[in-house]
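> show me the folded form of this:
(one chain, ligands or ions: 1)
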Amino acid sequence: MILIIVLLYIIYKIASFIRFYIIGRRTGFPLILTPIFSQGILWMVLGPTLQPVFQKYLPEWIYRRLDIVTNGWDFRRKNQMHLQLGKAFVVVSPDECSLWVGDPALAAVVLARRKDFVQPAIVAQFLDFFGTNILTSNGEDWQRQRRIIAPNLNESVMEVVWQESCQQARSMLGYQIQHGETNKTLDGLRSVAINVLGQAGYGQNQAWSPDFSKSIASEASPASGSEAPSARMAYFRTISMVTEHFAEAALIPAWIKTLPFMPAQLRLLGRQMQRVPEYIQAILEGETGSDENKDQMKRHNFLDVLVEFADNKNTSDSNKKSLFLSKEEISGNLWIFTGAGFDTTANTMGYAVLLLAVYPQWQAWIQEELDDLVMDTSDWEYTTIFQHCPRLLAVMFETLRLYTPVAHVSRGVKSPQQLAAEKGTHLLLPPMNVYIVSQSLHMDASIWGPDVSEFNPARWIDQTTGQPVTPERGAFLPWSGGPRVCPGMKMSQVEFVATLATLFHGAKCEPVHTGVTVEDARHRLKKMMDDSAPKLTLQVKDPKMVNLRWTPRDRR
Ligand code: HEM
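Okay, here's the model as predicted:
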């Protein structure tokens, strides 16, 4: 019996492979075939684990067929696949037919046509576990959520983000200077980023901590006898834990996570995730606290904005009736706001600091700009300082180009689509995934020039105006593009500039180099960065191995 089932499964997979091959051929784009069951959970777990072994022992012509369906290939290979196969190519496996786009014009067209190229089901599979949300929705549901969410990530929130980032970064700077050499820089930046979201998203002020992961785990489950956190705080901490342990949260079912023999951290994660509906219910029912307090919080935080839309479906006001959120959507969007906003920004700040430690000439370059600002960073205001930091923004863009947090943007076709390209029109038949490979576009020498692999923030500064330049359409897509472009783009820029300005105004940093030359230590650090892999977004594999020395700057 089992043999028959296995046989039928194999026949089904061979038939699928042939079908995907035909769909792939009809696109007219170059094909690469792979026998791997690329969308199966087994491969998703085994592929990245075994990738270093494959790379070491298999000949390139076999290895690349495995690598192309292993998460993170776009960072490992940069623009290489598109150079070898063409600016757009199709991967065919028994599980999928996927188009990988590394052409700026095609990328811009795909992103602009949101109704033709929709968010694929696989994104929802990974990101819907707290409820449907803006990132995983399509059509009218997406439009409604976008109309509620995007305006609340606009200028009105920037002052809060700026002030909180400066304050958090000041605490971090104090700690770093006091301790000199530490391996807490990356963890410290995660702490800054989550606390900025705590303030902007939930109206919660939290102290900066050098031990980010530990603080999240211990705070989510308060010690016995201590006061239980409010529902909004408990929800926020749960989301922070989920972001930190994304793979376990997304791939292991809750009931397995909570089994008694599972590691304590996993059980805690499982228990907290199971309690999310309870927290959301409590948030919606309103928490205790004076009206005055509630009004103050309401002014600028995302959670209260979402809650305001909870009852609109039943309102008699016809203007508001079309803008509503279900309980599930409130929960899902709070998670997306936190998950999408935290990991991306924290890792971008992390890579930027590391790049500045590897290339001290660029530290000096931004410090030239920062030395024009008033000495006391607590006097810095968003409206006056942000616009005076184009070089820091250039550092952010250059960091995002080289270490793109979301290496590719995912789309799918549900009905036949025509795609006009340089050499003619291509037919895309469903079911097909379409991936815009931002990391490949960012490493294309025909766009960025022969120094494409170098960290050169000055490429972003217009020599005449001194302001950041705008690259060609579809060439720079860390925040994606088109109508679904990341609504948190400006917020992440403000947070990045405020944090790095505070840190580098007060100090300089270099890799710790006990027993080796500083040049060797820089080289080692760069190697560590280039060995990064995506978790939720791209990340250094072992942040604890990153040791930096921070020394105060003497500017007299
Ligand atoms: C450097 C920081 C960031 C990067 C690189 C980044 C990148 C992205 C990318 C690539 C997408 C996918 C868009 C698509 O599917 O086309 C996205 C969507 C999104 N991001 Fe960000 N993001 C960042 C910061 C933030 C922040 C700070 C927030 C808010 C707190 C945020 C909220 C969102 C939301 C709500 C979406 C869904 C938009 C939609 O589908 O309409 N992001 N982001």
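> endpoints of stretch 148-160, how far apart?
19 Å (CA to CA, to the nearest Å).
> average model confidence for it?
Averaging pLDDT along stretch 148-160 yields 90.
> in that stretch, what counts as buried?
Of all the residues in stretch 148-160, those buried under the rule 16 or more other CB atoms under 10 Å are 148-149, 152-153, 157-158, 160. Every residue, glycine included, has its C-beta placed from N, CA and C.
> right, and Leu251 touches Val45 too?
Yes: between Leu251 and Val45 there is a contact at 7.3 Å, judged by CB atoms under 8 Å.
> anything in contact with each of these two?
Residues touching both Leu251 and Val45 by CB atoms under 8 Å, 6 or more residues apart in numbering: none at all.
> which residue ranges make up each domain of the chain?
2-125+407-448, 148-405+449-552 (automatic domain parsing).
> the first one - what's its average pLDDT?
For domain 2-125+407-448, the mean pLDDT works out to 95.
> distance between that domain and the chain's centre?
Distance, stretch centre to chain centre, for domain 2-125+407-448: 21 Å (CA atoms, centre = their mean, to the nearest Å).
> any part of that domain near the ligand?
Yes: on the criterion CB under 6 Å from any ligand atom, domain 2-125+407-448 is in touch with the ligand at Val409.
> what does the stretch 101-250 of the chain have sitting close to the ligand?
Counting by CB under 6 Å from any ligand atom, the stretch 101-250 of the chain sits next to the ligand at 134-135, 146, 149, 153.
> make that the stretch 301-450 of the chain, sorry
Checking the stretch 301-450 of the chain against the ligand by CB under 6 Å from any ligand atom, the hits are 336-337, 340-341, 344-345, 348, 405-406, 409.
> swap the cut-off to 8 Å and go again
For the stretch 301-450 of the chain, the residues in contact with the ligand (CB under 8 Å from any ligand atom) are 302, 333, 336-338, 340-342, 344-345, 348, 396, 400, 404-406, 409-411, 438.
> any idea which residue is closest to the centre of the protein?
Thr344 (3.3 Å; CA atoms, centre = their mean).
> what about Gln418, which SS state?
Assigned state for Gln418: strand (three-state reduction, DSSP: H, G, I helix; E, B strand; the rest coil).
> nearest spatial neighbour of it, chain-adjacent residues omitted?
Nearest residue to Gln418, sequence neighbours excluded (CB to CB, 6 or more residues apart in numbering): Thr425, at 5.3 Å.
> run a quick neighbour tally on Asp530.
Neighbours of Asp530 under the rule other CB atoms under 10 Å: 12.
> so for it, what's the pLDDT?
Here, the pLDDT recorded for Asp530 equals 96.
> number of nearby residues for Ile4?
Burial measure for Ile4: 8 neighbouring residues, criterion other CB under 10 Å.
> for it, what are phi and psi?
Dihedral pair for Ile4: phi -60, psi -40, per degrees, to the nearest 10.
> how much space separates it from the ligand?
To the ligand, Ile4 is 42 Å away according to CB to the nearest ligand atom, to the nearest Å.
> quick check: the gap between that residue and Tyr63.
35 Å (CB to CB, to the nearest Å).
> can you check Arg522 too?
Arg522 sits 30 Å away from Tyr63, going by CB to CB.
> neighbour count for those two, which is higher?
Applying other CB under 10 Å to Arg522 and Tyr63 shows that Arg522 carries more neighbours, namely 19 against 16.
> about what we covered before: can you tell me which two in the residues of the stretch 101-250 of the chain next to the ligand are farthest apart?
Leu135 and Leu153 (13.3 Å; CB to CB).
> longest helix of this protein?
Longest helix in the chain, counting residues (DSSP state H): helix 327-358.
> secondary structure class for the residue nearest to Gln418?
Classified using three-state DSSP, Thr425 is strand.
> and for the one 10 residues further on?
When states are read from three-state DSSP, the local structure at Tyr435 comes out as strand.
> so who does whatever residue of the chain ends up closest to the ligand touch?
Nearest residue of the chain to the ligand: Gly488, at 2.1 Å (CB to the nearest ligand atom). Contacts of Gly488 were listed using CB under 8 Å, 6+ apart, and they are 153, 337, 340-341, 344-345.
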